[in-house]
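Chemist: Dropping the sequence and predicted coords here.
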Amino acid sequence: MALHHMDDPQAILTALASRLRKGGVLIVIEGTDNKPSVGQIEAVGSAGLRQTLNMEEFAEDTMQDWFQAAGCRGEGEGFVYVVNDEVSPVPESACGVPGGLDRRLLIAASVKE
C-alpha cells in the first residue's frame, strides 16, 4: 500500500521479485480512486499531495506489464487482479482533500517464473 508513492513502481516490483524463488508469489495491495471527481483531483493537487503520490492508475494491463518485466507471469494462470467492490472513505482529516476521498482496494498477484 505504498507503491503509489514510488517514482518507479515497476523497478520496485523487479527488486522485490528478485528476492523470490521460482514459484514465489509477489502481491501488490493498493488503493484506487473510486471515480474521482474533477474537484477531488484539483484538491489533491492543491493540497500538495502530488509531490508524494504517483498518480498512476494501477490498471490491470499496467500491472500485467510490470509483473512481466519483473520476471513474473503477467497474464493467464499465475496472475490475479481484483478490485474490491466496497468503497472505503478516506476522511478529509486524513488526506487533506476537501470532502475526503473514496477509495477501493486493489489486489494484484503473480507467480515468479
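Modeler: Thanks, I have it. Numbers count the residues shown, from 1 in each chain.
Chemist: helix, strand or coil for residue 12?
Modeler: Using DSSP: H, G, I helix; E, B strand; the rest coil, the structure places residue 12 in helix.
Chemist: For burial, what's the neighbour tally of residue 32?
Modeler: 15 (other C-beta atoms under 10 Å). The way it works is simple: take the backbone N, C-alpha and C, and place the C-beta from them, glycine included.
Chemist: ok, it - contacts?
Modeler: Taking C-beta atoms under 8 Å, 6 or more residues apart in numbering as the definition of contact, the neighbours of residue 32 are 57, 58, 83, 103, 104, 105, 106.
Chemist: quick one: pLDDT of it?
Modeler: Turning to residue 32, the model gives it a pLDDT of 80.
Chemist: now it, which residues is it bridged with?
Modeler: According to DSSP bridges, residue 104 are recorded as the beta-bridge partners of residue 32.
Chemist: Roughly how far does it sit from residue 89?
Modeler: Counting by C-beta to C-beta, to the nearest Å, the gap between residue 32 and residue 89 amounts to 14 Å.
Chemist: what residues are shared contacts of those two?
Modeler: Any residue near both residue 32 and residue 89 by C-beta under 8 Å, 6+ apart counts here, and that gives residue 103.
Chemist: Can you say which two of the contacts of residue 32 are spatially most distant?
Modeler: Set against one another by C-beta to C-beta, those have their most distant pair in 57 and 105, with a gap of 14.5 Å.
Chemist: Show me which of those two is the more surrounded one.
Modeler: Neighbours per residue (other C-beta under 10 Å) separate residue 57 from residue 105, with residue 105 holding more: 16 against 11.
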